[in-house]
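# Requesting a structural model of the entry that follows:
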Amino acid sequence: KQTNSHMSTPPNKDVSIYTKLFVTNIPGNVSKDYFLQLVQPYAQHGRIVETKFFKRVVSESCYAFIHFESAVDGEKCMDDLNRRILHGHTMRVGPASTRNPA
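The predicted structure follows:
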């Protein structure tokens, strides 16, 4: 059984990876409330289940984890916000990695 490598979404692709996102290089002067206002509009097919927002102590930046109920919403958020420049910082957005203890 061959699969077409040019397909954007192979049948076995796990789209659930887009429900949990990791956002880094958020400017240090951005508050959690401001960040929530930035991501809330992406919750179109479900709600945002959880958001964790952290300010780095040693650098002037923040990072966050966003858990979307809908993978469609998460993927749209990632596509729109990844590499977006906010207050001079280029934010990075991608699927959050899961840690599996050995």
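# who touches the nearest residue to residue 42 once chain neighbours are set aside in this structure?
Nearest residue to residue 42, sequence neighbours excluded (Cβ to Cβ, 6 or more residues apart in numbering): residue 77, at 3.9 Å. The way it works is simple: take the backbone N, C-alpha and C, and place the C-beta from them, glycine included. Contacts for residue 77 (Cβ atoms under 8 Å, 6 or more residues apart in numbering) come out as 21, 39, 42, 66, 68, 93.
# now residue 45
By Cβ under 8 Å, 6+ apart, the neighbours of residue 45 are 69-70, 72-73.
# any idea how far it lies from residue 53?
Applying Cβ to Cβ, to the nearest Å, the value for residue 45 to residue 53 is 23 Å.
# what's the answer for residue 65, then?
On the measure of Cβ to Cβ, residue 65 and residue 53 end up 8 Å apart.
# what about the two, which has more around it?
Between residue 65 and residue 53, counted using other Cβ atoms under 10 Å, the more crowded position is residue 53 (18 against 14).
# Identify the residue spatially nearest to the more buried one, adjacent ones excluded.
Looking at residue 53 with Cβ to Cβ, 6+ apart, the closest residue is residue 32, at 4.2 Å.
# now the helices for the protein?
32-39, 71-81 (DSSP state H).
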